[in-house]
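**Student:** Have a look at this prediction, sequence included:
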Amino acid sequence: MKGVGNHLARIAQYGKQIDFGKTATDYGRYRAGYPDELYWRLKAFGVGHARQRVLDLATGTGFLGRGFARDGAYVIGLDISVPLMLEAGRLDREAGIKMSYVRAKAETLPFKDGSFDVVSAGQSWHWFDRRRAANEARRVLRSGGRLAIAHFDWIPLRGNVVEATEALIMKHNPKWRLAGGVGIHPASARDAALAGFDRIETFSFDVLASYSHEGWRGRIRASAGVGGTLNPDQVEAFDRELAGILKQSFPEDPMRVHHRTFALVASVPD
């Protein structure tokens with residue numbers, strides 16, 4: 001566990017250099033939403049039902065929260081990036097969905113105790129001061145409320161496009177800390193337990209997501225290792241090289257890219 005903790009600390013430290021707002025357009029256009037199956041499974045744990053009050057931490061462009069809003073929940077998306085939330089509003093309007101947005105940090109939530117039925121965090125828990133974020137989530141949840149942490153990670157396998165893409169990111173950005181992920185995030189269960197949550201459960205399932213070459217390039221430009229940290233000239237050089245790799249080594253277009261969906265659900269004791 002100590003090794004996992006050190007790795008997560010390095011990721012959180014790297015996260016301080018990232019500004020996803022620089023890549024808000026690509027982020028909104030190319031980052032894939034969560035599979036419908038995630039929402040179906042979460043409902044069985046009491047997460048995402050109509051009329052629930054949901055707070056979506058580090059909402060970005062609203063991809064996780066928008067699925068809850070689509071199913072009738074009242075969702076507030078919280079983020080520190082104004083450009084991402086503006087892009088989220090545009091996507092809401094396109095989808096005919098209404099969400100509200102607040103600029104704040106997950107570690108210092110501007111809400112009263114017991115204000116929400118659900119606190120969610122999609123593809124973001126590793127960027128937080130996790131102890132403080134878990135304690136704040138518990139504080140703003142009502143008795144019996146749920147914490148839901150979700151991830152939708154690409155999975156590098158020998159010879160696949162993810163492996164090749166990660167190698168290229170490391171070439172252009174040696175400080176990147178997220179290569180070689182397996183899409184399972186056990187440390188979040190410990191975070192929830194230490195914050196006083198109970199009935200902690202996790203599940204995962206794999207998906208082959210479809211991307212055009214253009215879509216995969218946009219997805220990677222919107223990642224922490226590329227658009228979130230590199231300058232525009234560096235991003236352009238990276239993107240040009242990735243286009244060449246796709247054309248030469250992965251000519252299928254669209255192509256299927258291995259992803260793993262992981263979720264944790266924990267409850268505030270009644």
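**Tutor:** Looks like it came in fine.

**Student:** which of the residues in the helix or strand that contains residue 150 are buried?
**Tutor:** For residue 150, the host element (DSSP states H and E) is strand 141-154. Buried residues in strand 141-154, defined by neighbour count with 16 or more other Cβ atoms under 10 Å: 141, 145, 146, 147, 148, 149, 150, 151, 152, 153, 154. Using the backbone N, CA and C atoms, a C-beta is placed for each residue, glycine as well.

**Student:** Determine the set of other helices and strands touching it.
**Tutor:** helix 36-44, strand 116-122, helix 130-140, helix 187-194, strand 255-267 (3 or more Cβ pairs under 8 Å, 6 or more residues apart in numbering; DSSP states H and E).

**Student:** hmm, 6 Å instead?
**Tutor:** If contacts are counted by 3 or more Cβ pairs under 6 Å, 6 or more residues apart in numbering; DSSP states H and E, strand 141-154 sits against strand 116-122, strand 255-267.

**Student:** which helices and strands sit right next to the helix or strand following that strand?
**Tutor:** Later in the chain than strand 141-154, the nearest helix or strand by DSSP H and E is helix 161-172. Judged by 3+ Cβ pairs under 6 Å, 6+ apart, the packing partners of helix 161-172 are helix 232-249.

**Student:** The strand holding residue 150: partners in the sheet, and parallel or antiparallel?
**Tutor:** In the sheet containing strand 141-154, its partner strands are strand 116-122 (parallel), strand 255-267 (antiparallel), by DSSP bridges.

**Student:** Find the one among these with the highest mean neighbour count.
**Tutor:** Looking across the strands paired with strand 141-154 with neighbours counted as mean count of other Cβ atoms under 10 Å, the highest average goes to strand 116-122: a mean of 26.

**Student:** mind exporting that one as CSV, just the C-alpha atoms?
**Tutor:** C-alpha atoms of strand 116-122 as CSV (Å, rounded to 0.1, in the frame of the first residue of the first chain):
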residue,chain,number,x,y,z
PHE,A,116,-26.8,16.2,-1.4
ASP,A,117,-28.0,12.7,-2.0
VAL,A,118,-25.0,11.8,-4.2
VAL,A,119,-21.4,13.2,-4.5
SER,A,120,-19.7,11.9,-7.7
ALA,A,121,-16.3,12.2,-9.1
GLY,A,122,-15.4,11.1,-12.7
